[in-house]
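S.K.: with the sequence up front, the predicted model follows.
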Amino acid sequence: MSARAEVAVSVGAHGDSLWSKALRKFRRDRVGMWSLAVVLAYAVVALGVVLGLWAGDWADVSGPKWAPVSGEYWFGTNIIGQDIFARSLYSTRTAFEVGLVVALGATALGAVLGSTAGFFSGSWIDEVIIWLMGVLDSVPFILLVAAISYTLQGSPWAMHIAMIATFWIGTARLIRGEVIKLKSLEYVEAAHAIGVSRFMIIFRHILPNTFHILLVQATLSFVAAIKSEVILSFLGLGVKDGMSWGLMISESTFEVLAGFFNNFIAASVLMFGLVMAFNMFSDALQDALDPRTVK
Amino acid sequence: MCIFRHRFAFILLLVILGACSSGESELPAGVDQKVFRYSMDSAPTSLDPVRASTLYANQLVVNLYDTLYVYKYLQRPYELRPNLATAMPEISPDGLTYTIPVKQGIYFADDPAFPGGKGRELTAHDFIYSLKRHFDPSTRPAGAWLWQGRIVGLDEWKQAGSDYAQEIPGLRATGSHVVQIRLKRPYPQLVDTLALGFSGVVPREAVEYYGREFSINPVGSGPFRLVSYDSSRAVLVPQENFRREVVDLEYEGYDAATQSQYGVALIDGRIPPFIDQLEIYFIKEGSARWSSFTKSNEIQYAGLPNEQVDRVLVSTNPVTLNPGYAEQYHMKTALEAGFVFSTFNMDFPEFGYNDDPERERRNHALRCAMIRGFDWESRNDSWYSGIGKVFPGIIPPVVPEYDAGLSRDSVIYDPEGARSLLAANGWNTATLPVLTYGTTPGPTSRLFFEQFRAWMMRIGYPKEKIVLKTYATFGDIAKAWRNSELPLISKGWGLDYPDAENTLQLFYGPNASPGSNDGNYRNAEYDEMFRQAGVMLPSPVRTDLYHRMNQLVIDDCVAITGLSRVGIALWHKNVIALPDRNFVGGRFMYYVDVLDPDAPEVQALR
């Protein structure tokens, strides 16, 4: 009974796939579409920085100290005369870079380990992966980052590695549960019967049926990575050589005492916009991919 | 039941309130007490004079321990006077033997370390024991360099195992209250070293009684004794056995024209200390320190943070307080006895000495170009409110040997000239070497790096070739400097005594890493002049040698230098004092008086 219901989810009552139904539902969600537009706008900004179209002068010190907002310096300048607008744009690139790397890394790792644990549930492989998840979950995040950062001798990738090392766990738990459910379906049994290898069953036949979960998890990891990067950079554990909203807020700690709020406002507003839009996009995506949601 | 609950809550509230108030003060309640609340931006890690290498430790140590000499409270330029000594030393004609008579009737503070808990009289043997401790590796000394290779037999005593029972020919008591020091070669700065916190006299009984915990259980003969000490504050009270000496303002160098506005004339003819309690707060965050200072009942002294300058000052040239602040606070500006600078590590073949003479010549051009590309005026404006003093070379303006007529070419920002120099010597984006820039965490350190990198980018240095390396603590980066791990060392240096010799030794070849010459500059001509000047008393000939050494450092493009910061100190109007962070240091607190804010004397100062 349960197996038949799952098949219905994947194929759809009128022959529509889960994805085409989700796309139709998403298009009808105005909030979702607006939030996607905002995220895409940020993505264009980030892409422009990568391509060198703008913000190439983020490290220059051409302006006066703490210049106010003007036609020349749209967001003013910081204490050493750097253009805050250029630094804000460059920070968008950093946010996307961190968000994408961590989201992809954590989702891929969570998918592989979660599906492996789920497929071999009850075996020693499952036990080991669950133990690993428990151990990593028990280490406070900031301490883990500090430890990894110290071990990697200040490598710029320490923060990414630390985030991936912790963010995959949530995804893995969800995927493990889903795989335990899927592996007892008839199509999997059929694959077993015709002699398909276990590797192929997991990664060719089961995992693709969890992509809707992975997609939502990836968007959640993306947002969490951006927020964590800001906190870690503020604490001096994040971005080493570059610029980020966290570093801008860190700079602003002594500037606000002088009555200069430009760094703080620019970084906070831009981060708020992206995180808010991505959260709403993520919610809309979740709704669209949920077969129980009727719109 | 309900009544019981209310009573219980009330009693609990009283207990909590009682607990809160009991930590506030060690003074008896109901008595008008004079408390001076001072602040520093960091806590000392040890109160043992042999470890008093930081400004923070020194500020406390000079109040807990006595030194043979001190700098006069108000005299500028600074001048030494006897403290534990009865007079300035008697120096033999060859300048090698110093005979110092020590005052009689000086007692250490009462402490359980002494028989019966009663402090005993201080003698010449205590001074000798205290100096020997700097050459005992078990004390982990930080100030031995001051006397290393100077005093007959002292280094040999250390090599023989630091046996305190063994006498040192060059350091002995010729009577119970007479110290005699014999030098290997003349050392004109010797008396200055005897005024430093490092020279604080400690009693052997206390060192042995407290063992490793002596660093937090100070027992001295200074004007104050420690009541409590933790990471947030130290509380001191007047030391009961401290000698009663009348303040003679004229002798201390009082200058009515420049110092009368601080009210220090009020202490003339009186016997310090005038306060009942000295509280020193360690507040790392500048904003928290400023917030505490601007409340009327918390700390009474603070330096003006850079970010408050526009709000608190009407102008920076001359430095003038906003009238609202001037009504409430005293202000004093002082040029620091030291400077900030960066040194190239000459042991790095990419920037310094190289086996290939042609590359060494090109390295010289590279260093000179980087010096020309460094914008000192912008650094001054960004971080020091534009009031720091930019100067060429390594002799800062605070010392008498400062050369005001020296060419300023080495501190003039000239990116165009720098680019031409690089091009003329075959340097381009492909050939320029990678420069690792070491720093500590924090937004300020990071912005210092970004500013430096931006200037270097302007002279043609590729951004990706200036690499940031962050060290977890200042201790870690200081270790990297000592171990010669970084090609560029950016630091500040505070003078130990007002003599340019103290900065010139930073470039003396034999002091190379792990010594104070962490740029590993080695120039035979410079070293020879340093040795010659080292045995001379202040004279035009010595000053000329200093200037020639200074010029060598400039010509060899060894350092990006320099800037002496101007500190702006503020303190409450009812605090009668002239604070000093240079050579008088924490000793000024001995003379502090705290008056009623409504007293007519205070009103007259507003």
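M.R.: It's in. Just so it is clear, the model here is predicted, and its values are computed rather than measured.
S.K.: what pLDDT does the model give the residue of the stretch 101-250 of chain A found nearest chain B?
M.R.: Closest contact between the stretch 101-250 of chain A and chain B, by CB to the nearest CB, is at residue A:236 (3.7 Å). Quick note: C-beta positions are derived from backbone N, CA and C, even for glycine. Looking at residue A:236, its pLDDT reads 80.
S.K.: next one: residue A:12
M.R.: Residue A:12 is assigned a predicted lDDT (pLDDT) of 46.
S.K.: again with residue A:20
M.R.: Looking at residue A:20, the pLDDT reads 88.
S.K.: residues near residue 220, how many?
M.R.: Defaulting to chain A. 22 (other CB atoms under 10 Å in any protein chain shown).
S.K.: wrong one, I was asking about chain B
M.R.: 30.
S.K.: neighbours of the residue nearest to it when sequence neighbours are not counted, how many?
M.R.: Closest residue in space to residue B:220, ignoring its immediate chain neighbours: residue B:65 at 3.6 Å, by CB to CB, 6 or more residues apart in numbering or on different chains. Using other CB under 10 Å, residue B:65 has 27 other residues around it.
S.K.: residue B:65 against residue B:224, yeah?
M.R.: No - applying CB atoms under 8 Å, one finds residue B:65 not in contact with residue B:224, separated by 9.9 Å.
S.K.: coming back round to it: the residue of the stretch 101-250 of chain A closest to chain B contacts residue B:440, doesn't it?
M.R.: No - here residue A:236 lies out of contact with residue B:440, judged by CB under 8 Å, at a distance of 9.2 Å.
S.K.: OK, contacts around the residue in the stretch 51-200 of chain A positioned nearest to chain B?
M.R.: Residue of the stretch 51-200 of chain A nearest chain B, by CB to the nearest CB: residue A:61 (4.1 Å). The contact partners of residue A:61, by CB atoms under 8 Å, 6 or more residues apart in numbering or on different chains, come to A:80, A:81, A:82, B:378, B:450, B:451, B:454, B:455.
S.K.: hmm, which of these are the buried ones?
M.R.: Those of the contacts of residue A:61 that meet the buried threshold are A:80, A:81, A:82, B:378, B:450, B:451, B:454, B:455, by 16 or more other CB atoms under 10 Å in any protein chain shown.
S.K.: which of the residues you listed lies closest to residue B:135?
M.R.: For those, the residue nearest residue B:135 by CB to CB is residue B:451; the value is 42.5 Å.
S.K.: part of a strand, is that closest one?
M.R.: No - the assignment for residue B:451, made by DSSP: H, G, I helix; E, B strand; the rest coil, is helix rather than a strand.
S.K.: quick check, it in contact with residue B:379.
M.R.: Yes - contact criterion CB under 8 Å: residue B:451 and residue B:379 qualify, at 6.8 Å.
S.K.: residues of chain B that sit close to chain A?
M.R.: Proximity of chain B to chain A is confined to B:286-287, B:290, B:305-311, B:378, B:381-383, B:441-444, B:446-447, B:450-451, B:453-455, B:457, B:463, B:467-470, B:472 under the rule CB under 8 Å from any CB of the partner chain.
S.K.: could I get the buried residue list for the strand or helix carrying residue B:98?
M.R.: In this structure, residue B:98 is located in strand B:97-101 according to DSSP states H and E. By 16+ other CB under 10 Å, the buried positions in strand B:97-101 come out as B:97, B:98, B:100, B:101.
S.K.: adding pLDDT, write those out as JSON lines.
M.R.: As requested, the buried residues of strand B:97-101 are arranged in JSON lines below (pLDDT from 0 to 100):
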{"residue": "B:97", "pLDDT": "97"}
{"residue": "B:98", "pLDDT": "98"}
{"residue": "B:100", "pLDDT": "98"}
{"residue": "B:101", "pLDDT": "97"}
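S.K.: what's around residue B:566, how many residues?
M.R.: 18.
S.K.: list the contacts for it?
M.R.: Applying CB under 8 Å, 6+ apart, the residues near residue B:566 are B:319, B:333, B:334, B:335, B:336, B:384, B:387, B:388, B:389.
S.K.: equivalent analysis for residue B:309, please.
M.R.: Residue B:309 neighbours (CB under 8 Å, 6+ apart): A:258, B:316, B:385, B:568.
S.K.: and the nearest residue to the last one once chain neighbours are set aside, how many residues sit next to it?
M.R.: I take that to be residue B:568. Distances taken as CB to CB, 6+ apart place residue B:304 nearest to residue B:568, at 4.0 Å, with adjacent residues excluded. Using other CB under 10 Å, residue B:304 has 24 other residues around it.
S.K.: show me what contacts residue B:304?
M.R.: Neighbouring residues of residue B:304 by CB under 8 Å, 6+ apart: B:312, B:313, B:331, B:568, B:569, B:570.
S.K.: ok, the second one touching residue B:320?
M.R.: Yes - in this structure, residue B:313 is within contact of residue B:320 by CB under 8 Å, at 6.2 Å.
S.K.: more neighbours, those two?
M.R.: More crowded of residue B:313 and residue B:320, by other CB under 10 Å: residue B:313, with 20 against 12.
S.K.: what's the distance between the more buried one and residue B:387?
M.R.: Distance, residue B:313 to residue B:387, by CB to CB, to the nearest Å: 9 Å.
S.K.: which residues are common contacts for these two?
M.R.: With CB under 8 Å, 6+ apart as the test, residue B:313 and residue B:387 both reach B:319, B:568.
S.K.: residues contacting the nearest residue to residue B:330 once chain neighbours are set aside?
M.R.: Sequence neighbours aside, residue B:571 is the residue nearest to residue B:330 in space, at 5.1 Å (criterion: CB to CB, 6+ apart). Counting by CB under 8 Å, 6+ apart, residue B:571 touches B:300, B:301, B:302, B:329, B:330, B:577, B:579.
S.K.: how close does residue B:571 get to chain A?
M.R.: 20 Å (CB to the nearest CB, to the nearest Å).
S.K.: kindly report the same for residue B:69.
M.R.: Using CB to the nearest CB, we find residue B:69 at a distance of 40 Å from chain A.
S.K.: tell me the pLDDT of the closest residue to that residue other than its chain neighbours.
M.R.: Of all residues not flanking residue B:69 in the chain, residue B:195 sits nearest, at 4.3 Å (CB to CB, 6+ apart). The model reports residue B:195 with a pLDDT of 96.
S.K.: likewise for the one 3 residues further on?
M.R.: Residue B:198 is assigned a predicted lDDT (pLDDT) of 95.
S.K.: where in chain B is pLDDT low?
M.R.: Within chain B, the segments meeting pLDDT under 70 span B:1-31.
S.K.: circling back: what lines up beside the strand holding residue B:98 in the sheet?
M.R.: strand B:90-91 (antiparallel), strand B:178-182 (antiparallel) (DSSP bridges).
S.K.: next, the distance between the ends of stretch B:102-117.
M.R.: Stretch B:102-117 has its terminal residues 24 Å apart, counting by CA to CA, to the nearest Å.
S.K.: and for stretch B:215-235?
M.R.: One end of stretch B:215-235 sits 15 Å from the other (CA to CA).
S.K.: chain center to it: distance?
M.R.: Relative to its chain's centre, stretch B:215-235 lies at 19 Å (CA atoms, centre = their mean, to the nearest Å).
S.K.: quick one: buried residues of it?
M.R.: B:215-226, B:229, B:233-235.
S.K.: likewise stretch A:205-225?
M.R.: Neighbour-count burial for stretch A:205-225 [16+ other CB under 10 Å]: A:205-207, A:209-210, A:212-225.
S.K.: then stretch B:357-375?
M.R.: Going by neighbour count (16+ other CB under 10 Å), the buried part of stretch B:357-375 is B:362-375.
S.K.: strands along the stretch 51-200 of chain B, start to end?
M.R.: Along the stretch 51-200 of chain B, counting by DSSP state E, counting those that start in this stretch, strands occupy B:69-71, B:80-82, B:90-91, B:97-101, B:171-175, B:178-182.
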